[in-house]
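1. predicted coordinates and the sequence they were generated for:
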Amino acid sequence: MIRKLLIANRGEIACRIIKTARRLGVATVAVYSDADADALHVQMADEAVHLGPAPARDSYLNIDKVLGAAKQTGADAIHPGYGFLSENAEFCRACDSNGIIFVGPPTGAIEAMGSKSAAKRIMEEANVPLVPGYHGTNQNEELLEGHANRIGYPVLLKAAAGGGGKGMRRVDSADEFHEALAAAKREAMNAFGDDIMLLERYVVSPRHVEIQVFCDQQGNGVYLFERDCSVQRRHQKVVEEAPAPGMAPELRARMGEAALRAAHAIGYVGAGTVEFLLDASGAFYFMEMNTRLQVEHPVTEMITDQDLVAWQLSVAAGDTLPMSQDELQINGHAMEVRIYAEDPDNDFLPATGVLVRHQPPAEGEGVRVDTGVQTGDEISVHYDPMIAKLICHGRTRKEALAKLDRALRDYQIAGVRHNIEFLRRVINHQAFASGCISTHFIEDYEAEVLHQEQTLTPLKCAAIAGYLQQREERDLRNSAPQRDPFSPWHNGDNWRNALAGSRTQTVDYRGQHAQIRFVAEGDSLRWTCDALPEEQNSGEIRLLLGRDLMLVDGRRMSFSAVDTRDGGAVFIDGTQVEFKLLPPDIGESNDQAHGLDAPMNGTIISLLVEPGSTVEKDQPLLVMEAMKMEHTLRAPAAGTVQQFFCAEGELVDGGSLLVDFAGEEQ
Ligand code: MV4
């Protein structure tokens, strides 16, 4: 029995592990960085130990500090969650040698899966199906080309040290082979310091189907069925579900048994995931094994009615598996989406800022929300920008999907860009709804799933007008003297007089500037907007105070508004309208370049000119990196670079001023 568990992680997974530990009567220790002193996982744990500064290498990735925290608090076990130290063999070994239980596999199993080519050799030996290919150590070019010709084109070159899609290159014919190999080796050497390549036949339009396995220390193993994680964007999972749509029981059993052979081949213990590619003909091939609890484990929990963290803790304590294969059953269908702080309109760059509202839908009735943040928390540049996982369960896929859409409509996030509307377009796409999914889904339907309505509509104007009215009423109420028996607030009509007359407000909606004018009309308010065509540029609203409802041209709609840093956000009828409020004269001011802002969060790579230099229009001034891509910031006009407000190597927030720039007078 584990008595006290240290959770060497943060965010939603730390919170999720603490919940189970509490339920089982296990005491919990959180660890945290400077950035997380007030975080939910720290509040939920019985005790918490500060590790160090915000950067992960100084806190959550620092083996000595994490072990020190365990010793200091007398924790007898450490759960690493996912990411951070979860697949770090050195950490696993250090736990062992300090007499602390690592809630995960033995060190040897982590090491065995560390190299792709070594992993494939083990799996071949264990009779786990592999994509036809070559994964030898002899990297002679002629030999590799001979293998490519044997395998047949298209061939995929993969860096042996790679993972998550990095260092992969497709080669369509023999005459491209040498050039592609050279480029792939260069990339691999740059990214991983190792250019050993694997060759595989390229599987066209595969699905990503992974099997959840569990093994105990006595050598027993079971599989808890599959998850389909085909819907990904640049190797980031977007939707995960269980069971896989259309999976035949016979194929499920064969994949489950292959996954168990993989686990047993490396002496696996605990929760593991064996990833396969599944092609259209039903053939499946081993890709890799993840030696940790995965982000998407809740869909498996929902269809099996099991708590995988509870299973991990009992296996780690030396108990035998809680259930046999025959006792495990699939119940209904579950689907998970990952809600991220990112900007789908700007190439999904991670977004940062304060969550001025984080209000997930109500849980229960097949709706589950796993999150580690609350209203008021900051999404910073230091960690993964996932806000929450939303998981829905139904008796059928269709029912799970309907609940998921309903829950996404009800999810309210303001202050930070997020992907909720993108997720709704994905799950409501006809191809997704009918279960036609492959790893190319997002690319194949990019135009439809990325399309975001960018223009104002009458409903959005009504929403903004509702926000403005609510804010004005609140401001009036706040300025009214407290407990004044003669206050007009005791007379329901007088304060409305203050709203009489007309107001005009300039707003910026996704870069579009519009003037919204509103006039009180009895109990209602009439808005007009100069940015809409005449036949739809006006309407009537009425707030139903205290009830989160608004009448829009007589139609009742849910309505909820919140202030953001520079404007407001309104949630209406399942959509979000977020806008900036502008002083009336903005846009008329001279837009002479005066500085350059960071277009996104990232790291400054290099400054290219000296302060004081005169530069030409479009001359590169600095290079920054975000999401592994380099972006060059150029002079907006001819002029002088006065000063840099950043240094090489510095992490910067999107929107922060980087360069003080004086444009030349025209
Ligand atoms: C492949 C493949 C097609 N053929 N291997 C991408 C991540 C890495 N773990 C393996 N990946 C792939 N390997 C062969 N022989 C296509 C992919 C692939 C992919 C796999 C799973 C989920 C999403 C994917 C997106 C693009 C490519």
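-> Received, thanks. Residues are numbered from 1 along each chain as shown.
2. near the ligand, which residues of the stretch 201-350 of the chain?
-> For the stretch 201-350 of the chain, the residues in contact with the ligand (CB under 6 Å from any ligand atom) are 201, 202, 203, 206, 208, 232, 235, 277, 287, 288. Glycine gets a C-beta too; all of them are placed from N, C-alpha and C.
3. neighbour-wise, which one of the residues you listed leads?
-> Counting by other CB atoms under 10 Å, residue 287 has the largest number of neighbours within these, with 24 neighbours.
4. ok, back up a step: just the ones of the residues of the stretch 201-350 of the chain next to the ligand in strands?
-> Applying DSSP state E to those, the entries found in strands are 201, 208, 232, 277, 287, 288.
5. centre of the chain to the helix or strand in which residue 251 is found, how far?
-> For residue 251, the host element (DSSP states H and E) is helix 249-265. Centroid displacement of helix 249-265 relative to its chain, using CA atoms, centre = their mean, to the nearest Å, is 29 Å.
6. and what of stretch 121-135?
-> That offset, for stretch 121-135, works out to 32 Å (CA atoms, centre = their mean).
7. what are the buried residues along it?
-> 121, 122, 123, 126, 128, 129, 130, 131, 133, 134, 135 (16 or more other CB atoms under 10 Å).
8. tell me the spacing between the first one and residue 285.
-> Spelled out, it's residue 121. Remark: distance between residue 121 and residue 285 (CB to CB, to the nearest Å) = 15 Å.
9. for the ones in strands among the residues of the stretch 201-350 of the chain next to the ligand, work out which two are farthest apart.
-> With distances taken as CB to CB, the most widely separated pair in those is 201 and 232, at 20.6 Å.
10. just the closest of the residues of the stretch 201-350 of the chain next to the ligand to residue 358, please.
-> residue 232 (25.2 Å).
11. wait, the closest one touches residue 238, no?
-> Yes: between residue 232 and residue 238 there is a contact at 6.0 Å, judged by CB atoms under 8 Å.
12. quick check, residue 18 in contact with residue 10.
-> No: using CB under 8 Å, residue 18 makes no contact with residue 10, being 11.3 Å away.
13. the ligand contacts on the stretch 1-150 of the chain?
-> Listed as neighbours of the ligand in the stretch 1-150 of the chain under the rule CB under 6 Å from any ligand atom: residue 131.
14. how far does stretch 425-442 sit from the chain's center?
-> 19 Å.
15. please identify the buried residues of that stretch?
-> 425, 426, 427, 429, 432, 437, 438, 439, 441, 442.
16. now stretch 264-279
-> Quick answer for stretch 264-279 (16+ other CB under 10 Å): 265-266, 268-279.
17. for the stretch 351-500 of the chain, give me the ranges with low pLDDT.
-> 480-500 (pLDDT under 70).
18. what about the strands in it?
-> 353-354, 357-359, 367-371, 378-379, 386-394, 412-414 (DSSP state E, counting those that start in this stretch).
19. thinking again about what came up before, in JSON lines, list the buried residues of stretch 121-135 along with pLDDT.
-> Below are the buried residues of stretch 121-135 laid out as JSON lines (pLDDT from 0 to 100):
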{"residue": "121", "pLDDT": "93"}
{"residue": "122", "pLDDT": "96"}
{"residue": "123", "pLDDT": "97"}
{"residue": "126", "pLDDT": "98"}
{"residue": "128", "pLDDT": "98"}
{"residue": "129", "pLDDT": "98"}
{"residue": "130", "pLDDT": "97"}
{"residue": "131", "pLDDT": "97"}
{"residue": "133", "pLDDT": "96"}
{"residue": "134", "pLDDT": "95"}
{"residue": "135", "pLDDT": "91"}
